[in-house]
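Visitor: make a model of this:
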Amino acid sequence: IVYYSTASGTGSWVQVGPEVPNGAIGNINNPLCEVRSINGQQLHKGAGTLNFTREAFSPAGSTTGTYIEEPTKILKGAATDIFRSEADGGLYEGASENLCLQSEDFNTTWTKDYATITSNVETGPDGVAVSADEMSCPNGGVNDRVKQTIAFVDSGQKHTLSCFVKQGTLDKVAIYAFISGGTTSLSPIVTYDFATGTLTTAGSGLTEASVVDLYDGWHRLKLTYTNNNTGNNSSAVRISAGSGSGTGTVYIWGAQLEELPFASSYIPTTTVAVTRSAQSTLLTTAGNCPDLNSDFTVYFDYKAIGDIDSSVGTGYIIQLATSSDFILRHATDNKVNIAWDGLSYNIFGTSLDVKDYHKFCVVRSSNTLYGYVDGVLIGSASISDISSPNYQTNIGIGNSTGGASNVYARMNNFKTWNRALTASEVRLL
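Guide: Next comes the predicted model:
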């Protein structure tokens, strides 16, 4: 970086910022391939084809995926096979099902306790005029609510409840679930204070709560809980005034209950539950995959939607060859590692929070793998006696080479080089 300085009175060009190694810019700016996932998905450099697919939602006719548009923070829809991009990269997701019925119409399937619903009176988080319902709460507490009971199979799986909320005249709003049917019921609850922007949690079974700020005063409130294997087989989903909120109104829209340990993208429903199918991104191997028997570099930006567990399974961030021949993985211990030739290499450390945005780079130099995070060398491992890889027709991005083992994340800037970048070059990525 240079600028023209006149501080000395004579004017001169002065270099500031990091020193650039000779030839480094040409090397790092000329990768074997580069896939960008901001503002759509593009093969910016490389050979062959980049194929993105997402099947229609089930049941047939539900064909709109959703994402948060930047910089407006409006919830947008994307038809089948249209790639979705958000603030930190492309949205890569596996399957999920919204178990809530009539997710946007609270005057139908939903039961009202004290609360009353006025339909379609406020612009929703999707920017559509008069599409959100108003809930009036005459008593000012958690008993002023709408609710819906949802049956599910008893298990120790995590579920996540989410709903879009906007302040009317109420100070606080709450979402919660009453999980019952077995010997030990659960009652996790999260309350959001509109004035302070803070969350308060209570009840049993809750594992995580969060809120995301969106367009025009809307927020997506989220609550994750773990069932307890005591026979519980139903969840009474509730949206209410917050405790101590006083009387008043709140706008609500887009309720979702899914069997995931985090909230995935919103899935609209009407009279039946709706499943969003997994998506798949495949890139032609020829001309894009480095020679894994020689020096190479692989780079990508990654931010997980949430922590995963065994119910979700290991997600394949990048798979360059079949079986365990070379896979960059988001493992169920919520660490990013490499599976290669039947072994696991933990070269990116053990304390990284995958829910934060990070830049990952793996470099093979001779018989050593080096792992960098955000330009800093974290770890290394010997890779002697590696078998010859079994390359496939395609590279998997956000999934396996067969389109399975999906991640739930935002990703961008997948790049490969047929050479080992130096530490100085990696810092410039």
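Visitor: every contact and neighbour count from this point should use C-alpha atoms.
Guide: OK.
Visitor: what segments of the stretch 301-429 of the chain are helices?
Guide: Along the stretch 301-429 of the chain, the stretches classed as helices by DSSP state H, counting those that start in this stretch are 423-427.
Visitor: is it fair to say residue 216 lies in a helix?
Guide: Yes - with DSSP: H, G, I helix; E, B strand; the rest coil as the criterion, residue 216 is part of a helix.
Visitor: ok, the nearest residue to it once chain neighbours are set aside to residue 131 distance?
Guide: Distance criterion CA to CA, 6 or more residues apart in numbering; nearest residue to residue 216, sequence neighbours excluded, is residue 125 at 7.4 Å. To residue 131, residue 125 is 9 Å away according to CA to CA, to the nearest Å.
Visitor: tell me which of these two has more neighbours.
Guide: residue 125 (27 against 19; other CA atoms under 10 Å).
Visitor: so who does residue 273 touch?
Guide: 97, 98, 99, 100, 101 (CA atoms under 8 Å, 6 or more residues apart in numbering).
Visitor: show me the contacts for residue 375.
Guide: If a contact means CA under 8 Å, 6+ apart, then residue 375 has 359, 360, 361, 423, 426, 427, 428, 429 as its contacts.
Visitor: can you pick the most crowded of the residues you listed?
Guide: Among these, residue 361 has the most neighbours (other CA under 10 Å), with 26 neighbours.
Visitor: list the contacts for the residue nearest to it when sequence neighbours are not counted?
Guide: Leaving out its chain neighbours, the residue that sits closest to residue 361 by CA to CA, 6+ apart is residue 299, at 4.3 Å. Taking CA under 8 Å, 6+ apart, we find residue 299 in contact with 359, 360, 361, 362, 413, 414, 415, 416.
Visitor: now swap in residue 264 and tell me
Guide: Residue 264 neighbours (CA under 8 Å, 6+ apart): 93, 96, 305, 408.
Visitor: the second one: neighbour count?
Guide: Residue neighbour count, defined by other CA under 10 Å, stands at 20 for residue 96.
Visitor: on that earlier part again, of the contacts of residue 264, closest to residue 172?
Guide: Proximity of those to residue 172 (CA to CA) peaks at residue 305, which lies at 26.0 Å.
Visitor: go ahead and confirm the closest one touches residue 356.
Guide: No - taking contacts as CA atoms under 8 Å, residue 305 lies outside contact range of residue 356: 9.0 Å.
Visitor: tell me which of the two has more neighbours.
Guide: The residue with more neighbours, out of residue 305 and residue 356, is residue 305; 21 against 12, by other CA under 10 Å.
Visitor: report the contact partners of that one.
Guide: By CA under 8 Å, 6+ apart, the contact list for residue 305 reads 262, 263, 264, 355, 408, 409, 410.
Visitor: who's in contact with residue 362?
Guide: Going by CA under 8 Å, 6+ apart, the list of residues near residue 362 reads 297, 298, 299, 369, 370, 371, 372.
Visitor: biggest separation within those, which pair?
Guide: The widest separation within those (CA to CA) is 13.2 Å, between 299 and 369.
Visitor: can you tell me what sits against stretch 190-198?
Guide: 167, 171-176, 199-202, 209, 221, 223, 242-243.
Visitor: tell me which two of the residues you listed sit farthest apart.
Guide: Farthest pair in the contacts of stretch 190-198, by CA to CA: 167 and 202, 21.4 Å.
Visitor: give me the more crowded residue out of the two.
Guide: residue 167 (20 against 12).
Visitor: per-residue pLDDT of the more buried one, please?
Guide: On pLDDT, residue 167 comes in at 97.
Visitor: swap in residue 303?
Guide: So, for residue 303, pLDDT stands at 96.
Visitor: my read: it touches residue 354, true?
Guide: Yes - counting by CA under 8 Å, residue 303 touches residue 354, with 5.9 Å between them.
Visitor: residue 281 versus the residue positioned nearest the centre of the chain, what's the distance?
Guide: The chain has residue 305 as the residue nearest its centroid, 2.6 Å off, counting by CA atoms, centre = their mean. Counting by CA to CA, the gap from residue 305 to residue 281 is 18 Å.
Visitor: equivalent analysis for residue 388, please.
Guide: According to CA to CA, residue 388 stands 25 Å off from residue 281.
Visitor: looking only at neighbour counts, state which of those two leads.
Guide: Neighbours were counted for residue 388 and for residue 281 using other CA under 10 Å; residue 281 has more, 24 against 11.
Visitor: tell me the pLDDT at the more buried one?
Guide: Looking at residue 281, the pLDDT reads 96.
Visitor: just residue 386 next, same as before
Guide: Reported pLDDT for residue 386: 79.
Visitor: okay, now it: neighbour count?
Guide: 15.
Visitor: contacts only, for the closest residue to it other than its chain neighbours.
Guide: In this structure, residue 386 finds its nearest non-sequential neighbour in residue 341, 6.4 Å apart by CA to CA, 6+ apart. Applying CA under 8 Å, 6+ apart, one finds that residue 341 lies in contact with 324, 325, 326, 386, 387.
Visitor: shaky segments in the stretch 1-150 of the chain?
Guide: 1-26, 55-56, 60-63 (pLDDT under 70).
Visitor: and which of the contacts of residue 362 is nearest to residue 309?
Guide: Once CA to CA is applied, the member of the contacts of residue 362 that ends up nearest residue 309 is residue 371, at 23.6 Å.
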